[in-house]
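Participant: next come a sequence and a model predicted from it.
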Amino acid sequence: MIGVDIGATAVRVVQVAGVDSRGMAIVTKVGISPVAEGAIIAGRIRKPEEVSVALVRAFKEAGINRRYGFVIGIESPEISLTSISLPAALKRDERGGAIRTMNKPLAPTFGISDSAISTCLIETSELNKTPMHTVSVAAALRSEVDMLSTVCALAKATPRSIDLTGAGLLRAYTRANPENHEIGTVVSIGASRVTVATRSGMHLRSLRTVAGAGSEITRAIIQATGEEYDRAEELKILARIDNSGFNKASSSYQLDESFSMDGSDPVERAIANSTNILVDSIAQAIESDANNFNSFSQGVVLVGGTALLRGLKEKLTQRIGIPVSIGRPWAEIERSRRNALFFKENSKVDPRLLLAIGPAVGLALWKDPL
């Protein structure tokens, strides 16, 4: 099983052998290739040729010779989720046509004629003794799907399916009891966008993508200090945000702290202002989901590189008033000669690597929808 995640800074390809008795996905191969700056902006592919080059390199880096049969994720602001009741007599491949015939708006920013539609069965019921299916309907802007297909064609790659990256996040970071309809949220903070995926039980109930994420904090540090990008990233890793700003603190992830921070006020303000905006955008997405469904998420899992920013978890907890934790994908990298470089001296994998490949792992676990 192969999953492909296209992010703003890199394309990540993983091969998964299966899921063990503990629920862990066993990752046998990993390939990560940088994406040229500006090739993807706010979740939209702007330079398909450059993204296709990164895709080919990621497959090569992973040592995967075949470029077909994989599952690739789509993550765009132009994605909408809803649920619709349809006659159970309709076959899965007939649902899209029936939905288009209903001419019911699926997304607030584009019409049904511009939509690519996918459905998944949620539950079966009866209406006036007629069997009915409640299906989850995902609508994406067709031009965005076509752009992703163009990238694959340029790379001479043929995916098995195009899946929602948000659905992949839930598969990677949660193990839900199908009998329990608990509500949970995964928040993925990438370089240029934030994805907020909320589930009810085993089903994705809402998906929101917000532009602006980790790179905004880095740019704020650059503007305040005049440092180069890499140094600003280091300062971000060492920062700790709280009610009084930030200070140097130990990390539960044992990150490298071989240099000191000056704690100057401009830097403090830059980090505080940019993280306030980030936390507000995440909170608004979670609250919007709660308002739409009249039920609040019971817990939030933060993932993505910026999720490791010290104090961010606590700040979001204060803002939304529900438990927030740092996620770890239900995945382990197989110990092999090929994967030896992923293991540190303490024989553990860097948690930042696991966070980076989490969405690709979830995409690899895709199954045909009902």
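Facilitator: Yep, it's here.

Participant: going by C-alpha atoms from here, please, whenever you check contacts or count neighbours.
Facilitator: Fine.

Participant: okay, helices next: where are they in the stretch 251-370 of the chain?
Facilitator: Ranges of helices in the stretch 251-370 of the chain, per DSSP state H, counting those that start in this stretch, are 265-293, 312-320, 351-364.

Participant: surely residue 172 and residue 358 touch.
Facilitator: Yes. Taking contacts as CA atoms under 8 Å, residue 172 lies within contact range of residue 358: 5.9 Å.

Participant: give the residues shared as contacts by those two.
Facilitator: Residues touching both residue 172 and residue 358 by CA atoms under 8 Å, 6 or more residues apart in numbering: 329, 331.

Participant: more neighbours, the two?
Facilitator: residue 358 (30 against 27; other CA atoms under 10 Å).

Participant: pLDDT wise, what is that one at?
Facilitator: With respect to pLDDT, residue 358 has a value of 92.

Participant: over to residue 257?
Facilitator: Confidence score, pLDDT, at residue 257: 40.

Participant: could you do residue 191 as well?
Facilitator: pLDDT, residue 191: 79.

Participant: which residues touch it?
Facilitator: 8, 9, 212, 213, 214, 215, 216, 306.

Participant: chain neighbours aside, what residue packs nearest to the fifth one?
Facilitator: Meaning residue 214. Sequence neighbours aside, residue 191 is the residue nearest to residue 214 in space, at 4.6 Å (criterion: CA to CA, 6 or more residues apart in numbering).

Participant: equivalent analysis for the second one, please.
Facilitator: For residue 9, ignoring the flanking residues on the chain, the nearest one in space by CA to CA, 6+ apart is residue 35 at 5.0 Å.

Participant: and that neighbour, how many residues sit next to it?
Facilitator: For residue 35, using other CA under 10 Å, the count is 20.

Participant: ditto for residue 316
Facilitator: Close neighbours of residue 316, defined as other CA under 10 Å, add up to 23.

Participant: ok, now how distant is the residue nearest to it when sequence neighbours are not counted from residue 317?
Facilitator: Once flanking residues are discounted, residue 316 sits nearest to residue 279: 5.9 Å by CA to CA, 6+ apart. Residue 279 is 10 Å from residue 317, where distance means CA to CA, to the nearest Å.

Participant: which other helices and strands contact the host helix or strand of residue 170?
Facilitator: Using DSSP states H and E, residue 170 sits within helix 165-173. Applying 3 or more CA pairs under 8 Å, 6 or more residues apart in numbering; DSSP states H and E, we find helix 165-173 packed against strand 68-74, strand 183-189, strand 193-200, strand 203-211, helix 351-364.
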